[in-house]
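Asker: sequence first, predicted model second:
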Amino acid sequence: MSAVGGSESAIEERPRRSVAKLGPRIRARLRILEATRAPLILIIAVGALLRFVPTAFGSFPLGDGGLYLVMVKAFEAGGLAIPSSVTYGAQSLPYAYPPAAFWLTAVAHNLTGLDELRLMMLLPPAFATAAIGAAYLAARAFFESEPVFTRAHSPRRLALVAATIFALAPGAYQVVILGGGLTKAPGLFFVLLALWRLLVLLTRQRPSDVLALALFGGVAALFHPDGALFLALSAVVLLVWHASWRVAGLLIAAAAGSALVCAPWWLSVLANHGSAPLFSASGLGLNPTLASLSFLVIPLIGMTVFLPVLVALGLVVSARRRSAVLAIWLFAVCLADARNSSHDGTFIVALLGAVGALYGGLPLARAVLRLFGAAGLLRGVKPASLAVVLALAALILVPAQALLVPLSAVGLRIPLGPGDLAAFSAVQERTSPETSAAVITGVGWGYDDLSEWFPALTGRTSVNTVQGYEWAGSNVWAAKNLLSGNLQNCVNAAAPLSCVESTLARYHAPVGLLYVAGPQSETAQAAGEDLTAALRTQLDADGAHWRLLFRSSAASVYVTVSS
C-alpha cells in the first residue's frame, strides 16, 4: 500500500522552498495536504459514485422518509420554529425529533427552489460522501494516538486505507442514503468530525479541541440523537484506554458544551412534552445479543471477499500487538448502540481493516511473491506494486458489484413508483380526510416504506404505521409494532381476510379502507414476490363487506360497503 500515498520523503522536499518562510506548523500541514490530496480525492470520488447512483438520479427518495417530509413541511409552515406537534395523516404526533435536518431542508428549499422530495434524494448522499473525508481525519487522529500501530506505517497511510474501506463498506452508506437518511447522513458526518476532535483532544488536551468537540458533538445531536450515543460510547472506551483525570475533566466540559449547542432541541421538547418522549425513543432498539453477533457481517456483505479477510487480520494483528482498544470499542458499540451499529460502527471496522491490510495483507503478499518467485513466476514484481494493484482492484470491483445489486446488504430498497403514487392519489381524491386505513404489504415495518409514505402523501391515517410513534410513549409504540406485525403476517394465514379483520378488532383499530399492495408495488418488487395475492382474491369475493375503489398493478384499494 505504500505506493497509494506516494513517497513521503519526496513529498516533504517539494514544498520546502516555497514555504520556507512559513512557520513549522503550517509547513507540516501543507506537506500533509499534498501527500494526502490525490489518493483521498480518488477515494471520495469512488465513494460518491456508490452513494449518489442508487438514489440521486431517480424520481423519488429511496426507501423510507415519509414522516420526515411531513416534518419539513411543518417547519416551513411555522417559519422554521420548532413545532409542538405534527399531523401525520389525521393524527397528531408530539414533535420531539432533533430539528437540524428539517431546518436545513426547509432553508435549502427556500433558497434553491428545489422540491423537498428532490432535496431528500440529494442531501443524504452528499453528507454520506462528505463523511468519507471526516472518517479519514478521525482515522488519522486515532492512529496518531495509538503508536502501537504505527511502527512500520505512518498514520497517514493507515488512515488512507481506513478511508478506502469506509468508502466501500455498505454499512457506511446503505442506510444513510435512504430518504430517512435525511437525519442520519449529516449526523454521521458531524459525529465523525466530533470523533476526530475527541481523538485529537486525547493527545493534545487543548482548550480549542474542547470547543471543537463541543460544537461538532452538539451539531451531531441536533441532526440525529443516536450520533450522540455513539460519541459518548467512544469517549468512554477511549478515556478508559487513555486514563487521565485531566482528559476526563476536559471531556465533561465538552459534553456540557455539546448540551448547550443542542439546547434549542431538548429545551423545546421539555417545555412542550416533558422528558417522556426522550426516554421513550431512547429505549427503542434491536436485541443487543443478535446485533453483536451479526454486526461484523452486515457492513461487509456485498464486498469482495478479501476485504472481510482484512478485518479478521486486523483483529489478529491487534491481539498480537496486545492492543484490545478496537475490539472493545467495536463490542461496546454493538452492545449498547445496536440500532445504529451498522453505520456508526463501520468506522471501527475500517480501522481494523486498515491494520489488517498493512500489517497482515502486505506480509502475506510478500510471502505469495516469494512462492511465485521460487517457481519462476512474477519475477521482479514488488510487494508495493502488488498492493497498488489490489487497491485499484478494490476501487473498481467493489463499486461495480455493489451497483449491480444496490443496497443488497440491507435488503433491496427501491423508490415508490408511478403506480404507487397513482394509488395514493386515488385515496386522496376519493375518500374523506377522516378515513382510517390499514396498509397491507406483507413485510415488516422496518422495510415497509409504503406504510410510512401513505399518511404523508394521502393525508389519511394508517392505523398500522409505526414510524414516529416511538416518541409517543413506549406503550403506544409497542401496540403499533404488534398491530403492524400481526397484520402483515395475515398474508400468510389460511384465511387472510378473516385474519385481518380479527386483528383489527382485537386491537380496537376500526378502519374504513384497506390499502393492499399489488404485484408491481414497491414492496412486492423489493420482496421479489406478490405477497398479498390471496388477500386480494378474498376481498374481491367478499362484496358484502368490502368494495373495490381503485386497482392497478401497484395496489388495490378497498373501502367498507357502508362507505
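Answerer: Sure, I can see it.

Asker: which parts of the stretch 101-250 of the chain are strands?
Answerer: Assigned by DSSP state E, counting those that start in this stretch, the stretch 101-250 of the chain shows no strands.

Asker: can you list the residue ranges for helices in it?
Answerer: 116-145, 155-168, 181-204, 207-223, 225-241, 245-261 (DSSP state H, counting those that start in this stretch).

Asker: in CSV, list these along with mean neighbour count, mean pLDDT and distance to residue 38.
Answerer: C-beta coordinates here come from the backbone N, C-alpha and C atoms, glycine included. Listed next are the helices of the stretch 101-250 of the chain as CSV, based on neighbours: other C-beta atoms under 10 Å; pLDDT from 0 to 100; distance: least, C-beta to C-beta, whole Å:
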stretch, mean neighbour count, mean pLDDT, distance to residue 38
helix 116-145, 24, 95, 13
helix 155-168, 27, 92, 10
helix 181-204, 26, 94, 21
helix 207-223, 22, 94, 27
helix 225-241, 21, 87, 30
helix 245-261, 16, 92, 34
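
Asker: distance to residue 480 added to these, as a markdown table?
Answerer: Formatted as a markdown table, the helices of the stretch 101-250 of the chain follow (distance: least, C-beta to C-beta, whole Å):
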| stretch | distance to residue 480 |
| --- | --- |
| helix 116-145 | 24 |
| helix 155-168 | 35 |
| helix 181-204 | 20 |
| helix 207-223 | 25 |
| helix 225-241 | 20 |
| helix 245-261 | 31 |
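
Asker: so which of those helices comes closest to residue 53?
Answerer: helix 116-145 (8.7 Å; C-beta to C-beta).

Asker: tilt between the closest one and helix 225-241?
Answerer: For helix 116-145 against helix 225-241, the angle between stretch directions is 0 degrees (axes from the mean of the first three to the mean of the last three C-alpha atoms, to 10 degrees).

Asker: which helices and strands does helix 116-145 pack with?
Answerer: With contacts defined as 3 or more C-beta pairs under 8 Å, 6 or more residues apart in numbering; DSSP states H and E, the secondary structure elements packing on helix 116-145 are helix 24-52, helix 66-77, helix 100-112, helix 155-168, helix 181-204, helix 346-356.

Asker: one more pass at 10 Å, please.
Answerer: Applying 3 or more C-beta pairs under 10 Å, 6 or more residues apart in numbering; DSSP states H and E, one finds that helix 116-145 contacts helix 24-52, helix 66-77, helix 100-112, helix 155-168, helix 181-204, helix 225-241, helix 325-336, helix 346-356.

Asker: so where is the stretch 351-500 of the chain shaky, pLDDT-wise?
Answerer: In the prediction, the stretch 351-500 of the chain carries residues with pLDDT under 70 at positions 365, 367-388, 390-391, 393-395, 397-413.

Asker: which residues touch the residue most central in space within the chain?
Answerer: Compute the mean C-alpha point of the chain, and by C-alpha atoms, centre = their mean the closest residue is residue 176, 3.0 Å away. By C-beta atoms under 10 Å, 6 or more residues apart in numbering, residue 176 lies in contact with 51, 124-125, 127-128, 131, 182-189, 224, 340, 342-344.

Asker: and it, its phi and psi?
Answerer: Reported as degrees, to the nearest 10, the phi and psi values for residue 176 are phi -80, psi -10.

Asker: can you check the pLDDT for it?
Answerer: On pLDDT, residue 176 comes in at 90.

Asker: quick one, domains of this structure?
Answerer: The chain breaks down into these structural domains: 2-60+100-404, 418-560 (assignment by automatic domain parsing).

Asker: nearest to residue 87, of those?
Answerer: Once the domains of the chain are compared by C-beta to C-beta, domain 418-560 is nearest, at 8.4 Å.

Asker: OK, contacts around the nearest residue to residue 112 once chain neighbours are set aside?
Answerer: Distances taken as C-beta to C-beta, 6 or more residues apart in numbering place residue 119 nearest to residue 112, at 7.9 Å, with adjacent residues excluded. Residues near residue 119 by C-beta under 10 Å, 6+ apart: 61, 69, 72, 104, 105, 106, 108, 109, 112, 126, 182.

Asker: list the contacts of the second one.
Answerer: It refers to residue 69. Contacts for residue 69 (C-beta under 10 Å, 6+ apart) come out as 61, 102, 105, 116-117, 119-120, 179, 182, 452-453, 456-457.

Asker: mind doing that once more with 6 Å?
Answerer: With contact taken as C-beta atoms under 6 Å, 6 or more residues apart in numbering, residue 69 is in contact with 116, 456.

Asker: could you do the fifth one as well?
Answerer: The neighbourhood of residue 105, defined by C-beta under 6 Å, 6+ apart, consists of 72, 119.

Asker: how close does it sit to residue 186?
Answerer: Look at residue 105 and residue 186: by C-beta to C-beta, to the nearest Å, they are 10 Å apart.

Asker: out of the helices and strands packed on helix 116-145, flag the one nearest residue 511.
Answerer: In terms of C-beta to C-beta, the element of the helices and strands packed on helix 116-145 nearest to residue 511 is helix 66-77, at 18.6 Å.

Asker: tell me which residues in the closest one are buried?
Answerer: Across helix 66-77, burial judged by 16 or more other C-beta atoms under 10 Å covers 66, 67, 68, 69, 70, 71, 72, 73, 74, 75, 76.

Asker: TSV please, covering those and showing distance to residue 468.
Answerer: As requested, the buried residues of helix 66-77 are arranged in TSV below (distance: C-beta to C-beta, whole Å):
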residue	distance to residue 468
66	9
67	5
68	9
69	12
70	8
71	9
72	14
73	14
74	12
75	15
76	18
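
Asker: which of the residues you listed sits closest to residue 89?
Answerer: When the buried residues of helix 66-77 are compared for distance to residue 89 (C-beta to C-beta), residue 70 comes out closest, at 9.0 Å.

Asker: isn't that closest one up against residue 456?
Answerer: Yes. Between residue 70 and residue 456 a contact is recorded at 5.1 Å, counting by C-beta atoms under 6 Å.

Asker: circling back: out of the domains of the chain, nearest to residue 88?
Answerer: Using C-beta to C-beta as the measure, domain 418-560 is the one of the domains of the chain that comes nearest residue 88, at 5.1 Å.

Asker: from the chain's centre, how far out does the closest one sit?
Answerer: The chain centroid and the centroid of domain 418-560 are separated by 27 Å under C-alpha atoms, centre = their mean, to the nearest Å.

Asker: for it, how far is the first residue from the last?
Answerer: Looking at domain 418-560, the gap from its leading to its trailing residue is 26 Å under the measure C-alpha to C-alpha, to the nearest Å.

Asker: ok, stretch 336-353 next?
Answerer: In terms of C-alpha to C-alpha, the two terminal residues of stretch 336-353 are separated by 22 Å.

Asker: centre of the chain to that stretch, how far?
Answerer: Taking C-alpha atoms, centre = their mean, one finds stretch 336-353 lying 10 Å from the centre of the chain it belongs to.

Asker: just the buried positions in that stretch, please.
Answerer: Buried residues in stretch 336-353, counting neighbours by 16+ other C-beta under 10 Å, are found at 336-338, 340-353.

Asker: and for stretch 532-539?
Answerer: Judged by neighbour count (16+ other C-beta under 10 Å), stretch 532-539 contains these buried residues: 532, 534, 535, 536, 539.

Asker: switch these over to CSV; also include secondary structure.
Answerer: Supplementary listing: those in CSV, determined by DSSP: H, G, I helix; E, B strand; the rest coil:
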residue, secondary structure
532, coil
534, helix
535, helix
536, helix
539, helix
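
Asker: which single one of those residues is nearest to residue 434?
Answerer: For residue 434, the closest of these turns out to be residue 539, at 22.1 Å, with distances computed as C-beta to C-beta.

Asker: who are the contact partners of the closest one?
Answerer: Counting by C-beta under 6 Å, 6+ apart, residue 539 makes contact with 497, 546, 558.

Asker: which ones are touching the last one?
Answerer: This points to residue 558. With contacts taken as C-beta under 6 Å, 6+ apart, residue 558 has the following neighbours: 514, 539, 546, 548.

Asker: could I get the pLDDT score of the last one?
Answerer: The score at residue 548 is 94. That number is its pLDDT.

Asker: ok, and what's touching stretch 220-235?
Answerer: For stretch 220-235, using C-beta under 6 Å, 6+ apart, the contacting residues are 98, 100-101, 183-184, 186-187, 190-191, 194-195, 198, 217, 251, 262, 265, 332-333, 336-337, 340, 344.
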